[in-house]
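>>> curious how this folds, go ahead:
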Amino acid sequence: MTAEKLQSIAFKWFEAFNNHNLEQLLSLYDDEAEHFSPKLKIRKPETQGLVTGKAALRTWWQDAFDRLPSLHYKVTSLTANADRVFMEYIRTVEGEEDMLVAEVLVVKENIIVASRVYHG
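Residues are numbered from 1 along each chain as shown. I've put the predicted structure just below:
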């Protein structure tokens, strides 16, 4: 897969996320995709930070959109290779300090099969 195609998927991801368009966001993911996030580990300790499948992703992101209506990500850097996009962005939420976040999307056959979030 080309770097341009991978970056295109990342830009669609940011657009869906920033519009809080859950269906558009989920359409970018494989039915059995895995997602790891330190925030998930804190809010839902039973998951140990990892959820699998679109139903779990839907529940996680719908909760985030409901709790944080001002949640927005500002892209600062995208780097793509054969099957991954490394994204850096600033997470903003009204009333909270901005947070620098890194996230990796693993893409196979034009669909995200895994994502992993990194932050302090």
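
>>> distance check, residue 75 against residue 59.
Noted for residue 75: a distance of 26 Å to residue 59, by Cβ to Cβ, to the nearest Å. Every residue, glycine included, has its C-beta placed from N, CA and C.

>>> show me what residue 29 is bridged to.
residue 112 (DSSP bridges).

>>> so it makes contact with residue 111?
Yes: here residue 29 reaches residue 111: they are 6.7 Å apart, a contact under Cβ atoms under 8 Å.

>>> report how many residues lie close to residue 77.
9 (other Cβ atoms under 10 Å).

>>> name the helices or strands packed onto the helix or strand bottoming out on mean pLDDT in the chain?
In the chain, no helix or strand scores lower on mean pLDDT, DSSP states H and E than helix 38-43, which sits at a mean of 92. Here helix 38-43 touches strand 111-118, going by 3 or more Cβ pairs under 8 Å, 6 or more residues apart in numbering; DSSP states H and E.

>>> which other helices and strands contact the strand it packs on?
So strand 111-118, by 3+ Cβ pairs under 8 Å, 6+ apart, packs with strand 29-36, helix 38-43, strand 99-108.

>>> need the least confident one among the ones you listed, by mean pLDDT.
With a mean of 92, helix 38-43 has the lowest mean pLDDT of the helices and strands packed on strand 111-118.
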